[in-house]
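K.L.:
Just a sequence and a predicted model for now, questions to come.
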Amino acid sequence: MGHIMDRMRNLLTQICKFGLVGVICFGIDYALMIVMTELFHIMYLLSAAISFVVSVVVNYILSMRYVFHGKEDNSRLREMVVFVALSTVGLGLNQLTMWVSVEFFHVFYKLAKVIATFFVMVYNFISRKLVLEKRGHTTRGEESR
């Protein structure tokens, strides 16, 4: 029973760390999108794509340092390529959600970004945990017992 509780506690800690990294990256993504759209008059889908890519770079650095314990057989280059590939799917999900929300449901682009972020966040955690993380680890820096 103690083993299960330790794994649950480690998973909860990992989810909290993932959430904190996500909040930081969302702040970067959201602010940059608004600045580009409002101040530089860049179309919302283009500014959302650019800001998403910038936030992915920051997310990679923070996630692999503080959230996920990478697989030992992965080189940093391979790990980064996989992270970017997963993030590209996330970008597609982000863009599709924003486009459908704005163009079909007439949701303001700032709110559409929040909606898209929720879907991408769930996808990111699950895909990164399954693909990037070493089996038996639930949080960076903590070994499973």
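P.N.:
Cool, got the structure. Numbers count the residues shown, from 1 in each chain.
K.L.:
going forward, measure contacts and count neighbours with C-alpha atoms only.
P.N.:
Fine.
K.L.:
Which positions within the longest helix along the chain qualify as buried?
P.N.:
If you go by DSSP state H, the chain has its longest helix at helix 2-34. Within helix 2-34, the residues that count as buried by 16 or more other CA atoms under 10 Å are 7, 10, 13-15, 17-18, 21-22, 25-26, 28-30, 32-34.
K.L.:
State the mean pLDDT of that helix.
P.N.:
On average, the pLDDT along helix 2-34 is 93.
K.L.:
list the helices and strands that helix packs on?
P.N.:
On a contact count with 3 or more CA pairs under 8 Å, 6 or more residues apart in numbering; DSSP states H and E, helix 2-34 meets helix 44-62, helix 109-131.
K.L.:
Let's have these in TSV, adding distance to residue 97.
P.N.:
Formatted as TSV, the helices and strands packed on helix 2-34 follow (distance: least, CA to CA, whole Å):
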stretch	distance to residue 97
helix 44-62	11
helix 109-131	5
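K.L.:
of all the ones you listed, which lies closest to residue 69?
P.N.:
helix 109-131 (9.2 Å; CA to CA).
K.L.:
Could you give the average pLDDT over that closest one?
P.N.:
Helix 109-131 comes out at a mean pLDDT of 93.
K.L.:
Could I get the contacting residues of residue 29?
P.N.:
Contact analysis of residue 29 by CA atoms under 8 Å, 6 or more residues apart in numbering lists 48, 51, 52, 54, 55.
K.L.:
Which strands or helices does the helix or strand containing residue 78 pack on?
P.N.:
Using DSSP states H and E, residue 78 sits in helix 76-99. Under the contact criterion of 3+ CA pairs under 8 Å, 6+ apart, helix 76-99 touches helix 44-62, helix 109-131.
K.L.:
Now list the buried members of the contacts of residue 29.
P.N.:
Buried residues within the contacts of residue 29, counting neighbours by 16+ other CA under 10 Å: 48, 51, 52, 55.
K.L.:
Between these, which sits nearest residue 96?
P.N.:
residue 48 (11.2 Å).
K.L.:
hang on, that closest one packs against residue 33?
P.N.:
Yes: in this structure residue 48 lies within contact range of residue 33 using CA atoms under 8 Å: 5.2 Å.
K.L.:
That's all I had, so thanks and see you.
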